[in-house]
Structures are given as C-alpha cells and as structure tokens.
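All I have is the shape, not the residue letters:
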C-alpha cells in the first residue's frame, strides 16, 4: 500500500456549523492526525470553489484519500465523490464526517460540540485509510416501461415515454381509462373542461403504437431489478401476461373519503346531502336539482369532510377549497336566484390564479362562514314552516356567533385518501407507505418522484393529495428520469453492494428472507445464494444475519467499521 496522503476539508456551511463548532480548532486538530497531508476550511465546501479546492489538491499534492467534514452524506456525498473522480481519484476513497446534522444542529455547548466534531473527523480519517478503490458495474437496460394507472398522471407519463420512442405497457384496473378526472365536469380555477383534457390524451394513446393498454387488469408480480424487471399482469378472468420492463411508474391515484363515516352530516339519511363527486355527476348531467326535481333556493358547501381531522385524516386534501369555489360559481350560473353559503376551516388558495378566483367568488355574493378546526357544523331537517329543506348550525369564527343558515342542497367536499389496494401495490413493487397510506418518495424535496426501489417511480395522487398541474408535472418528471436512463443504454450500478463468498455459504437461505429489497437469489443447482448487485442497497441486513459470515458488504467491511468506531471512541 502506498503512503497515505489524506486531505481533510472542513465546511463552515455558512454559520450552520461554524456558529457552534470551532472550525479553526477542528482544522488544526485534523492536520495532526496520522496520514493527513493537508487540512483546509471553506465557507461552503459544496460550492464550485470548494469542490475545485479538493480537485486541485488531489492533482497538485498527490492526495490519495479525502475526508470532508460537513453535512450529511445524504446531501452531498455524491457531490464530493464527483469532485474526486474529476481529479482522477477513485470516488470511494472519499469519506464524509457529518458535523452538521449529528453535531452543530443538535448541540449548543461550543466546546463539547467541537470535541465531538473532532471525534467524528478522526473516525472518518481512520476509516478512509482502509477504504478500497471500487468500480461500479453496468447492466443492460430494457427500454419498455410499465405504467400502473390510467388517470391523468398515468396517461401523461405513458404519452411522454411513448412519444419519446419508448414502448409502454399501461395497466388500468377499471373498465376504461381516465381515473378520477373522468368523473369531473370543469376544473378550477379557469373552468377548463375535464372531458376535453382527457379526450385529447385518450386519442393520443389510442393512436400511438408504442402504447399497449391492459384494461380490467392489475400487476400481480414484479421481480428482478432496475432495467430488467419481469412483470406479471393479470386480468379479470383472463390469463396472465408476462412482460420484461426496465422501469415502473406507479400512478394508481386515490379514492374519495366515504362521507358515511361522518354521521353528523347526514349523508345517506338526508336525501339532499350529497358529496362533491355526486355533485360533479349532477353537473355533467346538465341540471342542478334537489332529489324531488326542484331547483334549490339555498345551497351550502362544507369543506374538509374527512380532511384536517384528528378523527379521520390530519392532512389537507389541497384541491377541495378551489373546487368548492368552482361549485359556487356553477350554482350561481345555473340557478341565478340560489343563495350559496361556503363553510370552511381555512381557505387554501395556493395555486396559480387561485387567489384571484377566491376574490371573484367573494364578489359573486357567496356567503363565506368560517368554522373552527375540530368543530363541526350540524345539519338537521327544517320544520314544516321553514322555506328550506334543512338548517345548518355553525359556530362562526369571525363573528363569534352561532349562526343558523338555510339549505336545500348541501355539498360535502370529501377529501382524498389512499386507495384500499395501496398496500397490495406497495408490496408488489417493493415500495413503502406513510402512516396515511400514501407511497413514500426517495426524498420529498430533492427526489420527489423516485422511490427507495431503484427503477420504480411514483406520480400523481398515489403519493399525496395534489391538483392536476402537480400530477402532470410529477408524471413528466418521472418520464424524464426514465428517458434519461434509457438514453444511456446501460444501467450504472453503484460499487457498494453485498457479495457472497460461495465457499463459505451453507445455503441456509436466511439472507433471502432478510433482504428487504429482494436482492438475493438462491441457486437451486449450486445450493448457494448470490446477490443481484443492481437491486442491492447495501443496507447490511444480510451481512449481519449470515450465520456463516459468508457475506461481505463492499465499502462497509469489518476493518473499516471497527477503524471508524475506534476513531470516534478512543
């Protein structure tokens, strides 16, 4: 082994690190550690000047190891590995010490935080001395992409891919494409026709020979790894279809909240209490009317039914407020003499054009009544002498009074919730769900369409409540990621993965059961297990669980881990 020449680089991260950790003292300490040839600091090491500093020192000072004491490796490990690669140093000879999230952000005692930063940096220096040069692998990429869900997100993703020359297999569980948008009349805030939006996309799908559509079907099995998945698609009562795909986009959508669960609104008991989707059906039919066919004189719209509720769902469903304003306009247009009341908790007018839409609704003489979060308007039948079908009592927050308003028609703005088959889909494609059942992205801000399973992407309302523009943007983002991968022709596999020493493997198959990514296969002929590098995420579960000690984690060897522990503790 050649002489160690380690470069240590301390990032101030503006004041995120330097306001708690004494960066100058840390630099002086790092410079005296064994094998360290240079120690430098900079305000933002992740910036272009900071990266160039590292690359310059590798070239000019002959550094063969690099340690960056900065933020979490999750944020910028790739950044600094790239800087090393650009200077001719193997990227796996770069190590990070997290002195921000694990130090400056969780401590206020400057002296103690500085000592901890020294220990973390010392651990990284001792570890990097035992790091090995690794090379990634490549695998063939199957260009065919599987899209689950035929709503606006699924259709958009399928078209983006197909029109880019990529074969697409589009799987829809229902009898027709369109998803929940097919049940909508007009969209807020510009009153675009949902039918027209869908019709244009449906025609393009039908005319594109790159798209194969499977209706009344669902994905029953997905095995393999990114670039080389084997999918089994089963139809209702029909045989199973097998197809090889390189990537998967999950765009399975949402279902509306069941209003019957909120008993105090009387849905299912009071005939003129309807849900927002039932009202959409009425609008598509061209007539707004009560159950007996009369035109309503009073209409009330109640927000957040099933959303922003400790009893049901704590999250906001995002689209309900603007949809409610749309209803107010449509009622006024169809029944000019109707009085419209809008009962809300908070008015969320966050999208483009939505604040103006809210203002226009106020000018259209919609009566806005605010009720408190955790409280609930009470609906009851009106007395025989009243000139309305129902009465609604609400503690109005702005006036501080309990108000009684008349209603002939009550529209409940039911929220979005995860589909009942979401857990089954998540299990099939090996992705995770949050506490509310939505699919979890790789990173909510930096990687909002990828998942922890490489090659599986999410788009639209299967991930969280969102409107049409956001769903379309996510679908196009997922398609763009896939097109970029396909353009390379090969899948680049990270050099960090587990390896099985078949000479030590007893074939007990414990690792097969432990692997959360289905990355370990058992060979019936050799009676040994082996790792699929493209599917492995180097979590280490198999390494720790192997009773024979036959599995090694590349870049996380015992020698590396023990050296880091020694550096931190001694």
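Great, that's in hand. For clarity, every value in this text was computed on a predicted model and none was experimentally measured.

Quick check: mean pLDDT of the host helix or strand of residue 222?
Residue 222 belongs to strand 217-225 when assigned by DSSP states H and E. The average pLDDT within strand 217-225 is 94.

for whatever helix or strand comes next after it, which positions count as buried?
Proceeding N to C from strand 217-225, the next assigned helix or strand is strand 228-235, under DSSP H and E. For strand 228-235, burial by neighbour count (16 or more other CB atoms under 10 Å) applies to 228, 229, 231, 233, 234, 235. Heads up, the C-betas are built off the backbone N, CA and C, glycines and all.

For the fifth one, give me the pLDDT.
The predicted local confidence for residue 234 comes out at a pLDDT of 94.

Quick check: the closest residue to it other than its chain neighbours vs residue 460, distance?
Nearest residue to residue 234 in three dimensions, chain neighbours excluded: residue 220, at 4.3 Å (CB to CB, 6 or more residues apart in numbering). Applying CB to CB, to the nearest Å, the value for residue 220 to residue 460 is 22 Å.

Have a look at those two and say which one is more surrounded.
Between residue 220 and residue 460, counting by other CB atoms under 10 Å, residue 460 is the more crowded of the two (31 against 14).

contacting residues for the more buried one?
By CB atoms under 8 Å, 6 or more residues apart in numbering, residue 460 lies in contact with 149, 151, 152, 153, 154, 251, 253, 466, 471, 474, 475.

hmm, 6 Å instead?
With contacts defined as CB atoms under 6 Å, 6 or more residues apart in numbering, residue 460 is in contact with 153, 251, 471, 474.

Name the SS class of the third one, please.
Here residue 471 takes the helix state, with states given by DSSP: H, G, I helix; E, B strand; the rest coil.

In three-state terms, label the residue most central in space within the chain for me.
Of all residues in the chain, the one closest to the mean position by CA atoms, centre = their mean is residue 441, 2.7 Å from it. Under three-state DSSP, residue 441 falls in the coil class.

That one is in contact with residue 456, isn't it?
No. Here residue 441 does not reach residue 456: they are 10.8 Å apart, not a contact under CB atoms under 6 Å.

from the contacts of residue 460, which ones fall inside helices?
153, 471, 474 (DSSP state H).

Among the residues you listed, find the one with the greatest number of neighbours, please.
Most neighbours among the ones in helices among the contacts of residue 460, by other CB under 10 Å: residue 153, with 33 neighbours.

Leaving out chain neighbours, which residue sits closest to it?
Nearest to residue 153 is residue 460, by CB to CB, 6+ apart, at 2.9 Å.

Tell me the confidence at that neighbour?
98.

cool, residue 279 as well?
In this prediction, residue 279 has a pLDDT value of 98.

give the contact list for it.
residue 411.

What lies in contact with stretch 480-495?
By CB under 6 Å, 6+ apart, stretch 480-495 touches 134-139, 141, 143, 145, 164, 226-227, 247, 533-534.

Buried residues, it. List them.
Per 16+ other CB under 10 Å, stretch 480-495 contains these buried residues: 481, 482, 483, 485, 486, 491, 493, 494, 495.

Let me see the mean pLDDT of that stretch.
Computed over stretch 480-495, the average pLDDT equals 94.

The residue of the chain most remote from its centre: helix or strand, and which one exactly?
Distance from the C-alpha centroid of the chain, by CA atoms, centre = their mean, peaks at residue 385 (53.7 Å). In the assignment (DSSP H and E), residue 385 maps to no helix and no strand.

same deal with the one 10 residues further on?
Assigned by DSSP H and E, residue 395 belongs to strand 390-396.

how far off strand 390-396 does the next helix or strand after that strand point, in degrees?
Next helix or strand after strand 390-396 toward the C-terminus (DSSP H and E): strand 401-407. Strand 401-407 and strand 390-396 meet at an angle of 150 degrees, taking axes from the mean of the first three to the mean of the last three CA atoms, to 10 degrees as the criterion.

Sketch out the low-pLDDT regions of the stretch 301-450 of the chain for me.
Within the stretch 301-450 of the chain, no range satisfies pLDDT under 70.

all helices in the stretch 401-550 of the chain, in order from the N-terminus.
In the stretch 401-550 of the chain, the helices defined using DSSP state H, counting those that start in this stretch lie at 422-429, 468-488, 510-514, 541-545.

any chance of these in a markdown table, plus distance to residue 378?
Output for the helices of the stretch 401-550 of the chain, formatted as a markdown table (distance: least, CB to CB, whole Å):
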| stretch | distance to residue 378 |
| --- | --- |
| helix 422-429 | 33 |
| helix 468-488 | 34 |
| helix 510-514 | 54 |
| helix 541-545 | 53 |
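
Mean neighbour count, those: which tops it?
helix 468-488 (a mean of 20; mean count of other CB atoms under 10 Å).

Residue 148: how many residues sit nearby?
Count around residue 148 with other CB under 10 Å applied: 30.

Touching, it and residue 247? I think so.
No. Using CB under 6 Å, residue 148 is not in contact with residue 247, being 11.6 Å away.

Relative to the whole chain's centre, how far out is stretch 470-479?
Centre-to-centre, stretch 470-479 and its host chain are 12 Å apart (CA atoms, centre = their mean, to the nearest Å).

I meant stretch 175-184, not that one.
For stretch 175-184 - counting by CA atoms, centre = their mean - the centre lies 23 Å from the chain centre.

what sits up against that stretch?
150, 151, 152, 194, 198, 202, 216, 253, 277, 280.

just the contacts of stretch 480-495 now: which is nearest residue 124?
residue 134 (17.3 Å; CB to CB).

Okay, and that closest one sits in which element?
Residue 134 belongs to no helix or strand, assigned by DSSP H and E.

count of neighbours near it?
Neighbours of residue 134 using other CB under 10 Å come to 15.

List the contacts of it.
Going by CB under 6 Å, 6+ apart, the list of residues near residue 134 reads 92, 495.

same thing with residue 348?
residue 321.

still on that earlier bit, what about the residue farthest from the centre of the chain? Give its phi and psi, please.
Here is the backbone geometry of residue 385 (degrees, to the nearest 10): phi -80, psi -10.

Tell me the spacing between the nearest residue to residue 518 once chain neighbours are set aside and residue 322.
Excluding the flanking residues, the one nearest residue 518 by CB to CB, 6+ apart is residue 430, at 6.2 Å. The gap separating residue 430 from residue 322 is 35 Å, by CB to CB.

repeat for residue 212
In terms of CB to CB, residue 212 sits 36 Å off from residue 322.

ditto for residue 37
60 Å.

Same question for residue 105.
Taking CB to CB, one finds residue 105 at 37 Å from residue 322.

And for residue 78?
38 Å.

Also residue 267?
22 Å.

now swap in residue 181 and tell me
Applying CB to CB to residue 181 and residue 322 gives a distance of 15 Å.

Look at these two and report which has more neighbours.
Neighbours were counted for residue 181 and for residue 322 using other CB under 10 Å; residue 322 has more, 23 against 19.

rewinding a little: I'd like to know which of the helices of the stretch 401-550 of the chain lies nearest to residue 10.
Here helix 541-545 is closest among the helices of the stretch 401-550 of the chain (CB to CB), at 31.5 Å.

now the helices for the stretch 1-150 of the chain?
Going by DSSP H, counting those that start in this stretch, the stretch 1-150 of the chain shows helices at 23-31, 48-61, 73-86, 110-128.

Could you identify which of these is most buried?
helix 110-128 (a mean of 22).

Please work out the angle formed by the directions of that helix and helix 23-31.
On the basis of the same axes, to 10 degrees, helix 110-128 is oriented at 30 degrees to helix 23-31.

Let me see the mean pLDDT of helix 110-128.
For helix 110-128, the per-residue pLDDT averages 98.

For that helix, give me every contacting residue.
Contacts for helix 110-128 (CB under 6 Å, 6+ apart): 20-22, 25-26, 29-30, 33, 65, 67, 69, 95, 97, 99, 103, 107, 560, 563-564, 567-568.

How about stretch 81-93?
51, 54, 55, 58, 59, 65, 66, 94, 131, 133, 134, 555.
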